[in-house]
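1. I would like to see how this sequence folds:
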Amino acid sequence: MSQRAAVRPIQRSDYPQWRPLWDGYNAFYGRAGSLMLPEAITASTWARFFDAAEPVHALVADDGGRVVGLAHHLYHRSTTRLHDVCYLQDLFVDERQRGKGVGRALITAVYAAARAAGCGRVYWQTKTDNHAGRALYDQVAQHNGFVVYASEL
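-> Numbering: from 1, shown residues only. Take a look at the predicted model:
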């Protein structure tokens, strides 16, 4: 990451730079073209970042006024812990900025935010074939061997 880049909370004025990253993140996970998220979901997600009643938060990596990465996370209760946990739901870095420490900086900032919020754990999931992402994740967290199942309702 360059000397000028910094991780900070998202601002409403970031929308024009956040949106291409959000679309890139969703495309990476197969949500593009005819499978693109409905605009109502994107609008709701964006609004949640600025609603104090919501447990959803967003950080961005800012390199000299240019948003080059995003991290969305949320806090929730756990049946196995006394304190909330933090789910790092979305992490994405502009392709031209990868390998420069931006992803690591975003994860580290989520750790700090979760710690400040009283959480005792941060966790996330990724695709098994996300080799570049997993190379970083293996350095900053422990893979516990879980397999994720989901069912659309």
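2. the residue lying closest to residue 14 once chain neighbours are set aside bridge partners, please.
-> Spatial nearest neighbour of residue 14, chain neighbours left out: residue 67 (5.4 Å); criterion: Cβ to Cβ, 6 or more residues apart in numbering. Where you see a C-beta, it was placed from the backbone N, CA and C, and this is true even at glycine. Legend: beta-bridge partners of residue 67 under DSSP bridges are residue 62.
3. pretty sure residue 67 is touching residue 21, no?
-> Yes: applying Cβ atoms under 8 Å as the test, residue 67 and residue 21 come out as touching, 6.7 Å apart.
4. by contact count, what packs against the helix or strand hosting residue 15?
-> Using DSSP states H and E, residue 15 sits within helix 15-28. Counting contacts by 3 or more Cβ pairs under 8 Å, 6 or more residues apart in numbering; DSSP states H and E, helix 15-28 packs against helix 39-48, strand 56-63, strand 66-76, strand 85-93.
5. include distance to residue 102, mean neighbour count and mean pLDDT when you put those into a markdown table, please.
-> Listed next are those as a markdown table, based on distance: least, Cβ to Cβ, whole Å; neighbours: other Cβ atoms under 10 Å; pLDDT from 0 to 100:
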| stretch | distance to residue 102 | mean neighbour count | mean pLDDT |
| --- | --- | --- | --- |
| helix 39-48 | 21 | 13 | 97 |
| strand 56-63 | 5 | 21 | 97 |
| strand 66-76 | 4 | 21 | 97 |
| strand 85-93 | 5 | 21 | 97 |
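6. between those, which one is nearest to residue 149?
-> Closest approach to residue 149 among those is made by strand 85-93 (16.1 Å; Cβ to Cβ).
7. which residues sit against that closest one?
-> Here strand 85-93 makes contact (Cβ atoms under 8 Å, 6 or more residues apart in numbering) with 21-22, 24-25, 28, 56, 61, 68-78, 102-103, 106-107, 110, 113-114, 117, 119-124, 133.
8. repeat the analysis, applying 7 Å as the threshold.
-> Residues outside strand 85-93 that contact it (Cβ atoms under 7 Å, 6 or more residues apart in numbering) are 21, 24-25, 68-76, 78, 102-103, 106-107, 110, 114, 119-124.
9. can you check stretch 36-48 too?
-> Taking Cβ under 7 Å, 6+ apart as the rule, stretch 36-48 contacts 15, 22, 26, 31, 54, 56.
10. thanks a lot, catch you later.
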